[in-house]
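[1] Build me a structure from this.
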Amino acid sequence: MGNLSFQTTKEELSQLLSTVGVVVDTFMPVDRSTGKPRGFAFVEYGSEAEAAQAVGRLNGQEIGGRALKVNLAEERPRGRSGPRSFGLPAPESGPSFFQVEGRLSRPKGSRRGARRRKRSL
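    The predicted structure is shown next:
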């Protein structure tokens, strides 16, 4: 559920959601630094039919002066399967480069890392 007003409370949201079906859990993430809501929530219903009904009935409905965006959550893969690409294709071979201020640059590394690599040879 997205596009929530930052003043929307968990109680207001739970009251609205319970009109569609049995709400098992409601989670509203907060910003780490400010402690304020981030403007979206995750809602778990008792069944998939209730969740699908909630998407149909609540999508576009206004709460707190904003139109809600309601959709089913998609599974995200757990963990990372390697380093981030940052939008550049991985080089086939040779030194690795990354983009800095519109140009390609080599990672600098640290002196400690360079010494460690020399000692391991």
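
[2] use CA for all of it now, contacts and neighbours both
    Noted.

[3] can you tell me how far Met28 sits from Ala41?
    Met28 sits at a distance of 4 Å from Ala41 (criterion: CA to CA, to the nearest Å).

[4] what's near enough to touch the residue lying closest to Leu17 once chain neighbours are set aside?
    Nearest residue to Leu17, sequence neighbours excluded (CA to CA, 6 or more residues apart in numbering): Val23, at 7.0 Å. For Val23, the contacting residues are 14, 17, 43-46, by CA atoms under 8 Å, 6 or more residues apart in numbering.

[5] repeat that for 10 Å
    With contact set as CA atoms under 10 Å, 6 or more residues apart in numbering, Val23 has these partners: 14-15, 17, 43-47, 50-51.

[6] out of those, which are buried?
    17, 43-45, 50-51 (16 or more other CA atoms under 10 Å).

[7] what's the pLDDT at Val23?
    What the model reports for Val23 is a pLDDT of 90.

[8] Show me what it is bridged to.
    Using DSSP bridges, the bridge partners assigned to Val23 are Tyr45.

[9] From Gly39, how far off is Gly64?
    11 Å.

[10] Which residues are in contact with each of those two?
    With CA under 10 Å, 6+ apart as the test, Gly64 and Gly39 both reach 4-8.

[11] List buried residues within those residues.
    4-5.

[12] Let me have the shared contacts of Gly64 and Gly39 in a markdown table, extended by secondary structure and pLDDT.
    As requested, the shared contacts of Gly64 and Gly39 are exported to a markdown table (DSSP: H, G, I helix; E, B strand; the rest coil; pLDDT from 0 to 100):
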| residue | secondary structure | pLDDT |
| --- | --- | --- |
| Leu4 | coil | 92 |
| Ser5 | coil | 90 |
| Phe6 | coil | 88 |
| Gln7 | coil | 89 |
| Thr8 | coil | 88 |
